[in-house]
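> Okay, predicted coordinates and the sequence, questions at the end:
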Amino acid sequence: MRFEDLRLVEPLLRAVRTAGYRTPTPIQSSAIPHVLAGRDVLGCAQTGTGKTAAFALPILQRLSDRASRGTTPGARIRTLVLAPTRELAQQIYESFRTYGQYTGVRQAVVFGGVNQNPQVRAVRAGVDVLVATPGRLLDLMGQGVVKLAGVEVLVLDEADRMLDMGFLPDLRRILAQVPRRRQTLLFSATMPAAIRELAGDILCQPVPVQVARLSSPAPSVAHWVHYVERADKPALLARLLAHTPHTRALVFTRTKHGADKVTRHLMQAGVHAAALHGNKSQGARTRALADFRSAHTPVLVATDIAARGLDIDDISHVINYDLTTEPETYVHRIGRTGRMGAPGTAVSFCTAEERGDLRAIEALLRTPLQRAADVPGQRDARARPPRPAAPPQARVENAAQPGRAPRGALVSNGGRLLRRGRARGPRKTLRARASAGSRPKRW
Ligand code: AMP
């Protein structure tokens, strides 16, 4: 299918050409016709699937149609997009700007943690599309700056994350101010009961749109695990980053304090890194992300604030410094790499206390993670016979090419994780490898 087949107007086709898109992604092909037809949509899609354009393009088409039929651009907020985090809101706003650059549609973004005055000025200047996080939106509604009586389309993005973050009461207050006669689009990476209930309340005969199996990782990501003692994690991380070619590496810690500590340790070890978490000022968060995007800071150490929705090109490695206790968060975290079919590597550090978390992740993925070899100097490596110097670079380069992960590496195919180059199932394979005395790989 081509974008032309979706009956998008020329200013939008021009914008997707300018963005370098050749063909619509599956969620775009399935959702755009329904959104254009004015239907409510319940979209279940992982981040990185192109879902922002799946709702932004048809919304822009609707708004620019009306604009050409006499509505003054920016006369009232006609589309409200709600997102759980400031970073995601900013990203959606930028997508609307990119896709709407030839349409005359006006947009603004509002989120907390920064001075509200520029946002108030932007809203007062007139906007058709407002992208917002719930808290700041409610503040501005309370001050009479934002009025939602003219909203025709409401989008809830990353709805499951919004509920996880406790935004349901805020959402209800906002929904009470949005006209009942409207088009509503709800996107969520997962569909737990609470989301289905919310969808039942706010959507009207929605078209379900789903791409990829729920909770399946991107197909092009290779997964590895390092068994490590807690005290050895900092040194292991520093060595891995020093020994492994990477474009950008995103490191996840369980706590904000942990993110700061790991960042300090990396800096002391000569690895340029920055931390991103909710205790940082918005300025520091924006700076950390901008530096990471530009690869000025190639390593970002973050809490799960960065686990979802962030779209940063070319993250070659996601490292779970601390395993997550929620297996689905593992899928979200590693969703930061391997985006749009690009290759990626996910590495997890697992202590004895984290074995249970690992088992839960493996159960969700329905396969064990591939054990990575110890990097030079790792404590328990001393117990093993010395091995010839391995060419880690070659292996990583292989892992970094779609379909060319190392033999035995865990790669995903059509939503199922498989071991490359092996005919038998993964558990058997691991047992066979163990009995054959084969050594685990290093990534
Ligand atoms: P999203 O899932 O909306 O965060 O999009 C993920 C990434 O895919 C973004 O960098 C988009 O610019 C990119 N993207 C969206 N649609 C397409 C497409 N049809 N072709 C190529 N890239 C796309």
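Alright, I've got the coordinates.
> Next up, the contacts around the nearest residue to residue 87 once chain neighbours are set aside.
Using C-beta to C-beta, 6 or more residues apart in numbering and skipping the chain neighbours, the partner closest in space to residue 87 is residue 310 (5.9 Å). (Each C-beta comes from the backbone N, C-alpha and C, glycine too.) Residue 310 makes contacts with 47, 87-88, 91, 289, 336, as judged by C-beta atoms under 8 Å, 6 or more residues apart in numbering.
> Skip ahead from the longest helix seen in the chain and say which helix or strand is next.
Taking DSSP state H as the criterion, the chain has its longest helix at helix 51-68. As assigned by DSSP states H and E, the chain's next helix or strand after helix 51-68 is strand 79-82.
> other SSEs contacting the helix or strand just after that following strand?
Heading C-terminal from strand 79-82, the first helix or strand you meet, by DSSP H and E, is helix 86-99. Contact here means 3 or more C-beta pairs under 8 Å, 6 or more residues apart in numbering; DSSP states H and E; on that basis helix 86-99 packs against helix 10-19, helix 51-68, strand 79-82, strand 107-110, strand 129-132, helix 282-293.
> which one of the ones you listed lies closest to residue 238?
Evaluated over those, closeness to residue 238 peaks at helix 282-293, with 18.2 Å, by C-beta to C-beta.
> Would you pull up how far the closest one lies from the middle of the chain?
16 Å (C-alpha atoms, centre = their mean, to the nearest Å).
> now that helix and helix 86-99, what's the angle there?
Helix 282-293 and helix 86-99 are oriented at 60 degrees to each other (axes from the mean of the first three to the mean of the last three C-alpha atoms, to 10 degrees).
> Show me what helix 282-293 is packed up against.
Applying 3+ C-beta pairs under 8 Å, 6+ apart, we find helix 282-293 packed against helix 86-99, strand 273-276, strand 299-302.
> Going by neighbour count, list what's buried in that helix.
Using 16 or more other C-beta atoms under 10 Å as the burial criterion, the residues of helix 282-293 that qualify are 285-289, 292-293.
> now do stretch 17-33
Judged by neighbour count (16+ other C-beta under 10 Å), stretch 17-33 contains these buried residues: 21, 24-32.
> Check stretch 224-232 too.
Judged by neighbour count using 16+ other C-beta under 10 Å, the buried positions of stretch 224-232 are 224-228, 232.
> quick revisit: distance of the residue nearest to residue 87 relative to residue 322?
From residue 310 over to residue 322 the distance is 18 Å, taken as C-beta to C-beta, to the nearest Å.
> now swap in residue 305 and tell me
Residue 305 is 14 Å from residue 322, where distance means C-beta to C-beta.
> what distance separates the start and the end of stretch 225-237?
12 Å (C-alpha to C-alpha, to the nearest Å).
> What helix or strand is the residue nearest to residue 87 located in?
Using DSSP H and E, residue 310 falls within no helix or strand.
> Got the confidence number for it?
For residue 310, the pLDDT comes out at 71.
> Next: residue 105.
Residue 105 is assigned a pLDDT of 94 by the prediction.
> which residues touch the residue in the stretch 251-400 of the chain positioned nearest to the ligand?
Minimum separation of the stretch 251-400 of the chain from the ligand (C-beta to the nearest ligand atom) falls at residue 311, amounting to 4.1 Å. By C-beta under 8 Å, 6+ apart, residue 311 lies in contact with 47-48, 91, 339.
> lowest-pLDDT helix or strand in the protein?
Every helix and strand of the chain was ranked by mean pLDDT, DSSP states H and E. The lowest is helix 392-399, at a mean of 26.
> contacts with the ligand among the contacts of residue 310, please.
Filtering the contacts of residue 310 for proximity to the ligand by C-beta under 6 Å from any ligand atom leaves residue 47.
> Now rank the contacts of residue 310 by neighbours and give me the top one.
Highest neighbour count within these: residue 336, with 28 neighbours (other C-beta atoms under 10 Å).
> Using the three-state scheme, assign that one.
Classification of residue 336 by DSSP: H, G, I helix; E, B strand; the rest coil places it in coil.
> Distance-wise, check it relative to residue 346.
Separation of residue 336 from residue 346 (C-beta to C-beta) stands at 9 Å.
> got it, and residue 335?
10 Å.
> which neighbours do those two share?
Residues within reach of residue 335 and of residue 346 at once, by C-beta under 8 Å, 6+ apart, are residue 217.
> Determine which stretch of the helices and strands packed on helix 86-99 is the most buried.
Comparing the helices and strands packed on helix 86-99 by mean neighbour count (mean count of other C-beta atoms under 10 Å), strand 129-132 comes out on top with a mean of 27.
> for the helix or strand just after that one, packing partners?
Helices and strands here follow DSSP H and E; after strand 129-132, the next one along the chain is helix 134-142. Applying 3+ C-beta pairs under 8 Å, 6+ apart, one finds that helix 134-142 contacts strand 107-110, helix 117-124, helix 168-175.
> what is the mean pLDDT for the last one?
Within the predicted structure, the mean pLDDT of helix 168-175 is 94.
> Pull out the buried positions in that helix.
Buried residues in helix 168-175, counted by 16+ other C-beta under 10 Å: 170-171, 174-175.
> can you check the second one too?
By neighbour count, with 16+ other C-beta under 10 Å as the criterion, the buried positions of helix 117-124 are 119-120, 122-123.
> Can you lay out these as a markdown table showing distance to residue 95?
As requested, those are exported to a markdown table (distance: C-beta to C-beta, whole Å):
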| residue | distance to residue 95 |
| --- | --- |
| 119 | 18 |
| 120 | 23 |
| 122 | 17 |
| 123 | 19 |
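> farthest pair in these?
Most distant of those, by C-beta to C-beta, are 120 and 122, 7.4 Å apart.
> How about stretch 354-364, which residues are buried there?
Those would be 354, 357-358, 360-362, 364, for stretch 354-364 by 16+ other C-beta under 10 Å.
> quick one: which of those is nearest to residue 77?
For the buried residues of stretch 354-364, the nearest to residue 77 is residue 364 (39.4 Å; C-beta to C-beta).
> Since that was my last question, I'll sign off now.
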